[in-house]
Every structure is written in structure tokens, then in C-alpha cells.
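Enquirer: A predicted structure for the sequence below; I have some questions about it.
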Amino acid sequence: MKSSLSKVHQIIKQRQFNIISSANGGLIRLFWETGYCLNSLYNERGKRFSQSLVSDIGQKLSGLYGDWFDKSNIESMRVFNKIFPDYEKISALNSYVGWDHIKLLLPVKNEDYIVGYLNFVIENQITPEELEKLLSRGAINPEPVYTKKRFTGIQGLFNLFKNGNFSLLKNMLNPGKNEIHLDGEEKMVFIKIRDMIGRFSGNLIPWINSNFIGCCWEVGEEISQMFPAENMKSDYYKIFAEKISEEMPGLPGAIFDEKGLKQLSDFYRHFPKNYFSFYFSDLITWPYLEYLLKLNDPRAVIFYSRKIAKERLSISKLKKEIDSKVFENSPDFFVKESEYLEILKSEERDVKVRRKGNNISVIVSINISFKDIPKGFIRVGHLFKNPYREFLTAYIP
């Protein structure tokens, strides 16, 4: 039991870190690029003209995307870019320290000292609140401190999905629809920053969904290997489920409790190829999939997943479709028994051999052939509700 608990622990922790570090790194890169855009404006138009323009742009951006883009914050972004004109200097750290850490250190103004401070933060796993206290007391030696240590569970990054920051991130990924009227230079800069925010959101939204659903599939695999279907009601299984809740408090109970773990096991048993986790995460969010798995028919799960994506169905409309037996009454649905089995077996491997000196590397890529895949329907609102929120804010040491 201990080894399986450890495996589940590592799966969840790694998937958490995949999402949080990617979101954090992308966010800091976005802030640096915003600062670069503003500094280019300063250089071209002069400081006096640009300050007024930046103030107006900040007002418009904060109206759409929240306080991360208010006047004070975008000025910090500009200073950040000015101190670090070469992004590579900071890029290795941006998945391990938060924007709150960086902003506290901007008054230092020396890039080497700031990098030293940030390495100190990583090595000692210091939260932004702790860093602020240390700086106010002058308790950190300002000499650069370099370390190769990296921690995949630095607690400070979890601030990204908590409290006020959670609302700010939600505003960025799902902005308001306020009408913005801009002209000339102001409009050009605003559009450039807006497009950068759009690229960040476009990358992060599927990344959150794919890692969450991938985590569910991997945990389901581990449970299935440990407990055959006939043992899912045993006392040993119940004790195992209780141990997960005890050792990893704060995780979404509806997924990682006794009943939820059985559903994850069913997910794996119905779809034992790992590419199915990518297939579903490209189409729908977990609340849909969780509901569909109750049908206990993998063909119906695929059918309704595609229908949700194609027709943009809400969960209430999905329930009506299921009650009306749309799947059972669909004569032209391609995933009948024979084709479903064909999908499960369809792995087309493309093998390439690369030579460099005496080194030979073999690259195997797998192309999965699904017919007529519709564009995915990832409801952004689901990513900011449970179980996603609990999953992203549960700190697992």
C-alpha cells in the first residue's frame, strides 16, 4: 500500500506543479513582454508623453483584465524589463518564484543582486510574505547567491491560485466585455498587449485541463493495477482511500475519496491507452467527463464528448440528450463496437533515427487517427470552480 500511496502522491504533486509552474512562468514572461512594449514606447516618444499614455492604457487594461494591469503594476512591469533587458537572465527562475517575489525586489535595481535574492528564495522556499519581512529587517545579505537546487513544491507559487490572485487570473483568462474606445498610439499599444494576454490565455487554458484530466487518468491507472474491479468494495480499498484523504488534505473530495477513486479507475479501464486523456482534455472539461463516465459505456462517452464540443452543450442540455437516449437512437454514429475497438488499437508509429557523431537517437512519435474531431469546448468557468480550484490550491508537501 505504501508504494502505491507514494505513486499517487507523486502523480498529483507533479501534475499540480506542471500547471502552476507553467502558469507562473507564462505570467512572468507576459509581464516582461508588457514592460518591453512600454519601454519601447518610452524610447520612441519620450518619458513625459509616454507616462500619460501608459496611465491611460493601464486604466483600460485593468478594466478588462483586473488589477494586475493597473497603473502601479504596469509600471512595475516596465521597471522589470528595464532591469532585465535580457530575459534569459531571469527565465531559468520564473517557474519557481512568483511575480510577488520579483516585485518586492525591483527597488534593488541590480539584476545580479535580484537573481541572487531569487536563488535564496528558491533554496529556502520563502513565501512573498516572508521575503517582505526579511527585506524590511535587512535580514538578507544582498550579495548574489547562486544555487543549482530546484524545488517542485515551493509554497509561494501556490499564491497564484489563491485569494485575490485567483480572481485576477480568472479575469485574464475570461475577461469582461467592456467596450473600449481608443485611438492612435494608445490603440496600437493596447492591442499589442491585449494580443499577448490572449496568447498567454490560449496556452494556459488547455494546459490546465490536460494536466488535470491526465492526473485523473494516471491515478486511475494506479488504482486499477492495485485493485481489480472485483476488489473495489473490499475493506483494504476503503482503507487505501482514507489514507489518501489523510495524507493529502485539501484535494477535491468528490474525486479522491472512495467513490471518486473508483470512477477514476473506471476511466482508466474504459480507456486504457494514455492518449485518451489527451483526446478528452482537448474536447471537454472534467465536470462533463465525470458525468459521462456514469453511463458505464465508453462508446457513449466518446459520442457525447464529441457532441458537447461540436454543439457547445451545457451540462443541463447534456442531461436532456442522455435522458432522450440520443446515443442509442443515432444510426449514423461511427463509434460502434468494431470501430471503437479499432480506435483502441490505432497507434501509427513514426520512427526516425538521428545521428550526431557517435551518438544515435531514436525518436518515436505516435499519431492517433480519429475521424472528424470537432474543435474542443473547454468551458473556462469550470477551471475556476471545484474540483479544479481545490486541486490547484491544495498544498502537498
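Expert: Nice, I can see it.
Enquirer: For the residue lying closest to Ser62 once chain neighbours are set aside, which residues are in contact?
Expert: Using C-beta to C-beta, 6 or more residues apart in numbering and skipping the chain neighbours, the partner closest in space to Ser62 is Asp70 (4.2 Å). For glycine as for every other residue, the C-beta is placed from the backbone atoms N, C-alpha and C. Applying C-beta atoms under 8 Å, 6 or more residues apart in numbering, we find Asp70 in contact with 58-59, 61-62.
Enquirer: packing partners for the helix or strand where Val121 lies?
Expert: Element membership of Val121, judged by DSSP states H and E, is helix 111-124. The helices and strands touching helix 111-124, judged by 3 or more C-beta pairs under 8 Å, 6 or more residues apart in numbering; DSSP states H and E, are helix 88-91, helix 99-105.
Enquirer: Now tabulate those helices in a markdown table and tack on mean neighbour count, distance to Phe17 and mean pLDDT.
Expert: Shown next, in a markdown table, are those (neighbours: other C-beta atoms under 10 Å; distance: least, C-beta to C-beta, whole Å; pLDDT from 0 to 100):
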| stretch | mean neighbour count | distance to Phe17 | mean pLDDT |
| --- | --- | --- | --- |
| helix 88-91 | 14 | 17 | 85 |
| helix 99-105 | 21 | 17 | 89 |
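Enquirer: In a markdown table: those helices, plus distance to Trp207.
Expert: What follows is the helices and strands packed on helix 111-124, written out as a markdown table (distance: least, C-beta to C-beta, whole Å):
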| stretch | distance to Trp207 |
| --- | --- |
| helix 88-91 | 18 |
| helix 99-105 | 18 |
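Enquirer: Which among the contacts of Asp70 count as buried?
Expert: 58, 61-62 (16 or more other C-beta atoms under 10 Å).
Enquirer: Let me know the angle separating the following helix or strand past the helix holding Val121 from helix 111-124.
Expert: Sequence-wise, the next helix or strand downstream of helix 111-124 (DSSP H and E) is helix 128-136. In terms of direction (axes from the mean of the first three to the mean of the last three C-alpha atoms, to 10 degrees), helix 128-136 departs from helix 111-124 by 130 degrees.
Enquirer: in helix 128-136, what counts as buried?
Expert: 128, 131, 134-135.
Enquirer: Same check on stretch 232-244?
Expert: So, applying 16+ other C-beta under 10 Å, buried residues of stretch 232-244: 232, 237, 240-241, 244.
Enquirer: now, which of those residues sits nearest Ile191?
Expert: Ile244 (47.6 Å; C-beta to C-beta).
Enquirer: element containing that closest one?
Expert: Per DSSP H and E: Ile244 is located in helix 235-247.
Enquirer: can you pull the contacts of Phe327?
Expert: Neighbours of Phe327 in contact, by C-beta under 8 Å, 6+ apart: 297, 299-300, 303-304, 333.
Enquirer: Narrow these to those in helices?
Expert: Residues of those located in helices (DSSP state H): 299-300, 303-304.
Enquirer: Out of these, name the two that are farthest from one another.
Expert: Largest pairwise distance in the ones in helices among the contacts of Phe327, by C-beta to C-beta, is 9.8 Å, between Arg299 and Tyr304.
Enquirer: between those two, who's got more neighbours?
Expert: Tyr304 (24 against 17; other C-beta atoms under 10 Å).
Enquirer: Pull up the gap between the more buried one and Val326, please.
Expert: Taking C-beta to C-beta, to the nearest Å as the measure, Tyr304 falls 8 Å from Val326.
Enquirer: Show me what the mean pLDDT comes to for the helix holding Ile244.
Expert: Mean pLDDT, helix 235-247: 83.
Enquirer: packing partners for that helix?
Expert: Using 3+ C-beta pairs under 8 Å, 6+ apart, helix 235-247 is in contact with helix 2-45, helix 253-256, helix 258-270.
Enquirer: export those to JSON lines and tack on mean neighbour count, mean pLDDT and distance to Leu104?
Expert: Shown next, in JSON lines, are the helices and strands packed on helix 235-247 (neighbours: other C-beta atoms under 10 Å; pLDDT from 0 to 100; distance: least, C-beta to C-beta, whole Å):
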{"stretch": "helix 2-45", "mean neighbour count": "18", "mean pLDDT": "86", "distance to Leu104": "14"}
{"stretch": "helix 253-256", "mean neighbour count": "18", "mean pLDDT": "80", "distance to Leu104": "35"}
{"stretch": "helix 258-270", "mean neighbour count": "20", "mean pLDDT": "90", "distance to Leu104": "39"}
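Enquirer: In JSON lines, list the ones you listed along with distance to Asp282.
Expert: Shown next, in JSON lines, are those (distance: least, C-beta to C-beta, whole Å):
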{"stretch": "helix 2-45", "distance to Asp282": "16"}
{"stretch": "helix 253-256", "distance to Asp282": "20"}
{"stretch": "helix 258-270", "distance to Asp282": "16"}
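Enquirer: what about those, which gets the closest to Glu390?
Expert: Short answer: helix 253-256, nearest of the helices and strands packed on helix 235-247 by C-beta to C-beta, at 8.0 Å.
Enquirer: Distance from the chain centre to the closest one, please.
Expert: Counting by C-alpha atoms, centre = their mean, to the nearest Å, helix 253-256 is centred 19 Å from the centre of its parent chain.
Enquirer: and what of stretch 253-262?
Expert: On C-alpha atoms, centre = their mean, the centre of stretch 253-262 falls 22 Å from that of its chain.
Enquirer: tell me how far stretch 109-123 is from the chain's mean position?
Expert: The answer for stretch 109-123 is 26 Å, by C-alpha atoms, centre = their mean.
Enquirer: Could you export that stretch as CSV, CA atoms only?
Expert: C-alpha atoms of stretch 109-123 as CSV (Å, rounded to 0.1, in the frame of the first residue of the first chain):
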residue,chain,number,x,y,z
LYS,A,109,17.6,47.7,-9.2
ASN,A,110,20.7,45.5,-9.7
GLU,A,111,19.9,42.4,-11.8
ASP,A,112,22.7,40.3,-10.3
TYR,A,113,21.6,41.1,-6.8
ILE,A,114,18.0,40.3,-7.6
VAL,A,115,18.9,37.0,-9.2
GLY,A,116,20.9,36.2,-6.0
TYR,A,117,17.9,37.1,-3.9
LEU,A,118,15.6,34.9,-6.0
ASN,A,119,18.0,31.9,-5.7
PHE,A,120,17.9,32.4,-2.0
VAL,A,121,14.1,32.4,-2.1
ILE,A,122,14.2,29.1,-4.1
GLU,A,123,16.8,27.5,-1.9
